[in-house]
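# Predicted model follows, preceded by the sequence.
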Number of protein chains: 2
Amino acid sequence: MAAGSPGTQGGESLLFLTDEQLRKGIEAMFFAYRAFTADPDRILENYEYGRAHHRAIHFINRQPGLTVNTLLTMLGVTKQSLNRVLRTLVEDGLVESRVGRRDKRERHLHLTEKGAMLERELSDAQRARMRAAYRAAGPAAVAGFRQVLEAMMDPDIRRHYQSMKDHTA
Amino acid sequence: MAAGSPGTQGGESLLFLTDEQLRKGIEAMFFAYRAFTADPDRILENYEYGRAHHRAIHFINRQPGLTVNTLLTMLGVTKQSLNRVLRTLVEDGLVESRVGRRDKRERHLHLTEKGAMLERELSDAQRARMRAAYRAAGPAAVAGFRQVLEAMMDPDIRRHYQSMKDHTA
DNA sequence: TTGGAAAGTCAACATAGCTGACATAAAATC
DNA sequence: GATTTTATGTCAGCTATGTTGACTTTCCAA
């Protein structure tokens, strides 16, 4: 692995690719992600749920009717792990699991009214922080932020990500 | 909490602050962070360490001689949790814990040669992905990326973050 | 000299990931 | 029609990493 001396390739200064810059980026990801999850985590403490429940609720809200398998792919966990979470959400009446019409093996997931309420409470908090950060950084920075995150994703997931609803894109 | 209708304030289009945009940002953070941790996680499997060990090693490398308390603040975990990780790293000869000269209660943490080798292996992998993403997105996007992440952090942590080494800033 | 801070330790517990094995139902294929 | 594959669910057990609470030791500083 190269020692990270930047040099100049293609006539462009590549100072933003030094090891120091990359390490700062790594730290920024760590600290920002922790802040990013802190607000919903605080809310979840009031219920008997954890971050795993939040993630499931988020994606079910985003793609109502998605199958268990699709959710599995997006969350990147085992079915046993997801099932534990999903079972409590169904039992508690936050998520509805409907047998597929065409393929009756599939279960299509929807939020109930109660589930949608929790989703809103959680995402309101998370979006509030996001909005403040976006507002502070400005539209150009936000575009760059999204570009870098997208480039960082695994390609299969990136396709899922890009195909998700985005009215203003 | 406002319903997120963007409107136009201050004469500037605030389309980047719509709920949809914010939700996409939330998803981007989730997917990118997972990819971001995947490479070092794969390496750690070969040893008997986890992500918590990686984080400790990272920050000890970045600020050689930092105290346990400082590390605790940066990692945001309890001392009991950190201690379990730190103990194995010291036992395995990756980290050295030196009694403070001025204040003998404090322990100053340093990586050993062996610890520095693992640090490099882990950070090489993590930086490789970061570098690819930076290169794909370009310097302007990277600047925006950093701005948004910084704005997202909790203020106390942001101060720590900003005071850390960054030769090219 | 005493109070409090820094660090370390023990015990018990919770969350959320994992593997492996197995069951059921339904679709798909031979 | 029989067989195989797919989608899902479930049980058991393990691991990593977080938590709280209680306690001890060391030692700086008022």
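Received the coordinates, thanks.
# For chain A, which segments count as strands?
Along chain A, the stretches classed as strands by DSSP state E are A:8-9, A:12-13, A:66-67, A:95-99, A:107-111.
# Quickly check: the last one near chain B or not.
No. Between strand A:107-111 and chain B, judged by CB under 8 Å from any CB of the partner chain, nothing touches; the nearest distance is 14.4 Å. C-beta here means a position set from N, CA and C on the backbone, and glycine is covered the same way.
# Now that strand: average pLDDT?
Averaged across strand A:107-111, the pLDDT comes to 97.
# ok, it: who's next to it in the sheet?
Strand A:107-111 pairs in its sheet with strand A:66-67 (antiparallel), strand A:95-99 (antiparallel), by DSSP bridges.
# closest one to B:Met130 among these?
strand A:66-67 (30.7 Å; CB to CB).
# quick one: that closest one near DNA strand C?
No. Figure legend: strand A:66-67 not in contact with DNA strand C (CB under 7 Å from any atom of the strand); closest approach 12.4 Å.
# Show residues contacting that strand.
A:Phe59, A:Ile60, A:Gly100, A:Glu106, A:Arg107, A:His108, A:Leu109 (CB atoms under 8 Å, 6 or more residues apart in numbering or on different chains).
# Not including adjacent chain positions, what is the nearest residue to the closest residue to DNA strand C within chain A?
Nearest to DNA strand C, among the residues of chain A, is A:Gly50, at 1.4 Å (CB to the nearest atom of the strand). Using CB to CB, 6 or more residues apart in numbering or on different chains and skipping the chain neighbours, the partner closest in space to A:Gly50 is A:Leu44 (6.1 Å).
# OK, contacts around the one you found?
Per CB under 8 Å, 6+ apart, neighbours of A:Leu44: A:Gly50, A:Arg51, A:His53, A:His54, A:Leu122.
# and the gap between it and DNA strand D?
Look at A:Leu44 and DNA strand D: by CB to the nearest atom of the strand, to the nearest Å, they are 13 Å apart.
# No more questions from me, cheers.
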